[in-house]
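*Asks:* Quick one, fold the following:
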Amino acid sequence: MYIHAFDPGESTGFVVLEVEVEARARILHIVATDVFTVHKDFNDWYTSSIVAWKPKIVVIEAFRLYAFKAQSQIGSYFPSAEYAGIIKYLCWLRNLQWIEQMASCKFPFANLKTIKEVIPDFEKPKTEHEIDAIRHGLYWWFNTGIKQ
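*Replies:* Coordinates of the predicted model:
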């Protein structure tokens, strides 16, 4: 089964996780930089990703504006929310199921050693957004997907 996971923002992490019933995961594809900048036609690029790795679920980190950050965000155009909306729209067009997870969901996999226990051939990606996408995919798998 394939899981697509996104950590949307000005630098958007994307990962395809291949997971197995025995709770092992293998990373098939990682995008190291902002997928919306690197792939000028995100629609075509993501369509080809969907064709190549038909996801059972698309996991997206949810955007929330917290009170303690509100003052510093005055005037922001909230790229995380905008990019998450684009991803959800493309999923909707293709009848793909998606789920949003709070940023805190990734903390059970905060330690890279924990990820390595699940994915033995794991090599640390270049950006924190890639790692966060991996964490979100693993969180969904271990808390929901493994039961399916």
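*Asks:* Check which element follows the helix or strand of the chain with the lowest mean pLDDT along the chain.
*Replies:* One helix or strand of the chain scores below all others by mean pLDDT, DSSP states H and E: helix 67-70, with a mean of 64. Following helix 67-70 in sequence order, the next helix or strand is helix 79-93 (DSSP states H and E).
*Asks:* Enumerate residues external to that next one that contact any of its residues.
*Replies:* 6, 8-10, 12, 36, 42-43, 46-47, 58, 60-63, 97-98, 100 (Cβ atoms under 8 Å, 6 or more residues apart in numbering). Where C-beta positions appear, they are placed from N, C-alpha and C, glycine not excepted.
*Asks:* now stretch 11-19
*Replies:* So stretch 11-19 is contacted by 1-7, 25-31, 33-36, 49, 53, 55, 83, 125, 127-134, 137-138, 141, 145-146 (Cβ under 8 Å, 6+ apart).
*Asks:* what about it, distance to the chain center?
*Replies:* 5 Å (Cα atoms, centre = their mean, to the nearest Å).
*Asks:* List the buried residues of that stretch.
*Replies:* Buried residues in stretch 11-19, counted by 16 or more other Cβ atoms under 10 Å: Ser11, Thr12, Gly13, Phe14, Val15, Val16, Leu17, Val19.
*Asks:* what do you get for stretch 44-55?
*Replies:* So, applying 16+ other Cβ under 10 Å, buried residues of stretch 44-55: Trp45, Tyr46, Ser49, Ile50, Pro55.
*Asks:* Not counting its own residues, what contacts it?
*Replies:* Taking Cβ under 8 Å, 6+ apart as the rule, stretch 44-55 contacts 2-4, 14, 16, 18, 28-29, 35, 39, 87, 90, 94, 96.
*Asks:* What segments of the chain are strands?
*Replies:* Using DSSP state E, the strands of the chain run over 2-7, 13-19, 25-31, 55-61, 98-101.
*Asks:* Comparing these, which yields the minimum mean pLDDT?
*Replies:* Lowest mean pLDDT within the strands of the chain: strand 25-31, a mean of 77.
*Asks:* That strand packs against which elements?
*Replies:* With contacts taken as 3 or more Cβ pairs under 8 Å, 6 or more residues apart in numbering; DSSP states H and E, strand 25-31 sits against strand 13-19, helix 128-143.
*Asks:* would a markdown table of the ones you listed with distance to Tyr77 be doable?
*Replies:* Converted to a markdown table, the helices and strands packed on strand 25-31 look like this (distance: least, Cβ to Cβ, whole Å):
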| stretch | distance to Tyr77 |
| --- | --- |
| strand 13-19 | 20 |
| helix 128-143 | 18 |
